[in-house]
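[1] Only the shape, not the letters, is given here:
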């Protein structure tokens, strides 16, 4: 049987999203988790919002993305840029998504299945957006899940707390970056 792998998803850690949360330390913790992943045979997957020029994938009925399209935001190769603390390195996989979940409108599932990934470790901005949507989708696909609570952030601290304390534990192990990094070393 093939070796089942773990992947770390660093989601929406990009300019225009990370800077709206008001918690720069969350991106630093994402970078710490990313460094640990690279050192321990965990597949680093950087997921970001990226649309084609002109935003043909965005319906005017989409409450969240239509204003971004009107403003010309998050265009692949132009304004869809990762936070400077999150540097792409050889071996990293960059996935462009076109909806809230990391799976919707992306090739993430193909990348994970091709690399025989069975366990996902999630971090992202925002907890009530990409993290929640991705946890739900990944659980339905039978991935083993870990959420790095302090490598997620939300504009609403109470929503973040309820999700990591009450909702995510129903489908995932929830832990800190420090505890996850410690668990990588036997």
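    Thanks, I have the structure now. From a predicted model like this one, the values you see are computed outputs, not experimental measurements.

[2] going forward, measure contacts and count neighbours with C-alpha atoms only.
    Fine.

[3] buried set for the worst-scoring helix or strand of the chain on mean pLDDT?
    Within the chain, judged by mean pLDDT, DSSP states H and E, the helix or strand with the poorest mean is helix 66-70; its value is a mean of 78. Of the residues in helix 66-70, 66, 69 count as buried by neighbour count, 16 or more other Cα atoms under 10 Å.

[4] Report the contact partners of the residue positioned nearest the centre of the chain.
    The residue lying closest to the centre of the chain (Cα atoms, centre = their mean) is residue 11, at 2.1 Å. By Cα atoms under 8 Å, 6 or more residues apart in numbering, the contact list for residue 11 reads 46-48, 102, 122-125, 130-131.

[5] What's opposite it in the beta bridge?
    Beta-bridge pairing of residue 11 under DSSP bridges involves residue 47, residue 124.

[6] Please tell me how far it sits from residue 185.
    Counting by Cα to Cα, to the nearest Å, the gap from residue 11 to residue 185 is 24 Å.

[7] do the same with residue 136
    Taken as Cα to Cα, the span from residue 136 to residue 185 is 28 Å.

[8] So these two - more neighbours on which side?
    The residue with more neighbours, out of residue 136 and residue 185 and counting by other Cα atoms under 10 Å, is residue 136; that gives 15 against 8.

[9] And that one, how close does it get to residue 170?
    Residue 136 is 10 Å from residue 170, by Cα to Cα.

[10] And for residue 26?
    23 Å.

[11] repeat for residue 108
    Using Cα to Cα, which is the criterion applied here, residue 108 is 23 Å from residue 170.

[12] Among the two, which residue is more densely surrounded?
    In this view residue 108 and residue 170 are compared by other Cα under 10 Å, and residue 108 has more residues nearby, 20 against 11.

[13] Just the buried positions in stretch 167-186, please.
    168, 171-172, 174-177, 180-181.

[14] now residue 130: how far from residue 39?
    From residue 130 to residue 39 the distance is 25 Å (Cα to Cα).
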